[in-house]
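> Fold the following for me, if possible:
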Amino acid sequence: MNQLIEITSVPIEIEMRTSHARLEYANASADLEISRDKGGLSIKSRPIRLNIDTFEMQSSITPTAAQKIEQSAEKGKQAAYEATATYAQQGELLLKAKVGGGDPLAQFSFTALSPDINTQPGLDFIPTTGPEISWDPAELNIRFEMDKLNFDWRLNQTQFEFVPGDIEITVKQQPEVIIKYIGGPLYVPPSADPNYEPIDVQA
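Residues are numbered from 1 along each chain as shown. Predicted coordinates:
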C-alpha cells in the first residue's frame, strides 16, 4: 500500500538583537566675558565759608523783650542789695555818733552819695560786644580712578545621559505542521475506480 499523507513540521524561527547599556556625555565648554569699567578724574572743591553772628552785638544795642525783662529783674535785685547795704551803713553811723563828734546826718548824706559819684560816671559805649566771626576752611578733593577690566568665566556643566540596554526579539517564522496528501484520488464507491479490482471472496 502506497503512502498517502506526507507530514512536514516547520519549527519556529526567532531573531534576537541586543544593545548594551552606555553612558554618553558632552564635553563642558567655557565662556569668557570681559567688561570694562571706565575710570576718570573727579575734582570737588568748596570755597571758604565765613560765619558772622551779630546776635549778642545787636542785643547790646536793642535788647529783645525777654532780655529786657531779664535785665530789669537783675537791676531790681542789684538795687535791693545796694539799698540793704546802704541802710546797714546808715544804721552803723547812727550808732557810732557821739556828742561833739560832728553832724551824723551830713556824714550819712556824703557816704550815701559817694558810691554814685565815684562809680557811676553816666557814660557807656555801645555796642558792648562785637560780632562773633568764624569760618570753615576751603576743601579741595581730587580723585583719579583707572579703568578696570572684569573677567567673568562661565563654565557649562558636563551633561551626562544614560542609555539603557535594549533587547529586540523578532519572530521570523511561526511554528507550523504541513500535512500533504500524496496519494491518488479516492473513489466512492471503490468500484468507481477504473483500476478497481474486485476482491475474490470465494477463494
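
> Helix or strand with the lowest mean pLDDT in the protein?
Confidence across the helices and strands of the chain bottoms out at helix 104-119, with a mean of 53, counting by mean pLDDT, DSSP states H and E.

> ok, then the element right after it?
strand 132-136 (DSSP states H and E).

> mind listing what that following strand pairs with, with the direction of each?
When sheet partners are counted by DSSP bridges, strand 132-136 sits next to strand 49-53 (antiparallel).

> What average pLDDT does the top helix by length along the chain get?
The helix of greatest length in the chain, counted in residues with DSSP state H as the criterion, is given as helix 65-96. Averaged across helix 65-96, the pLDDT comes to 76.

> Contacts for stretch 130-145, please.
Applying CB atoms under 8 Å, 6 or more residues apart in numbering, the contact partners of stretch 130-145 are 39-54, 56-57. Glycine gets a C-beta too; all of them are placed from N, C-alpha and C.

> out of those residues, which are buried?
The neighbour-count test (16 or more other CB atoms under 10 Å) marks Met57 as buried among the contacts of stretch 130-145.

> In strands, which of the contacts of stretch 130-145 appear?
Among those, the subset assigned to strands under DSSP state E consists of 40-46, 49-53.

> how about low-confidence regions in the chain?
Low-confidence segments of the chain, defined by pLDDT under 70: 1-2, 28, 90-125, 200-203.

> Against which helices or strands is the longest helix of the chain packed?
helix 104-119 (3 or more CB pairs under 8 Å, 6 or more residues apart in numbering; DSSP states H and E).

> which outside residues touch the helix or strand hosting Glu24?
Take DSSP H and E as the rule and Glu24 turns out to sit in strand 22-26. For strand 22-26, contacts defined as CB under 8 Å, 6+ apart pick out 158-163.

> wait, which of those is closest to Ile12?
Distance to Ile12 across the contacts of strand 22-26 (CB to CB) is lowest for Val163, with 30.7 Å.

> List the residues that contact that closest one.
Val163 makes contact with 21-24, according to CB under 8 Å, 6+ apart.

> just Arg17 next, same as before
So Arg17 contacts 167-170 (CB under 8 Å, 6+ apart).
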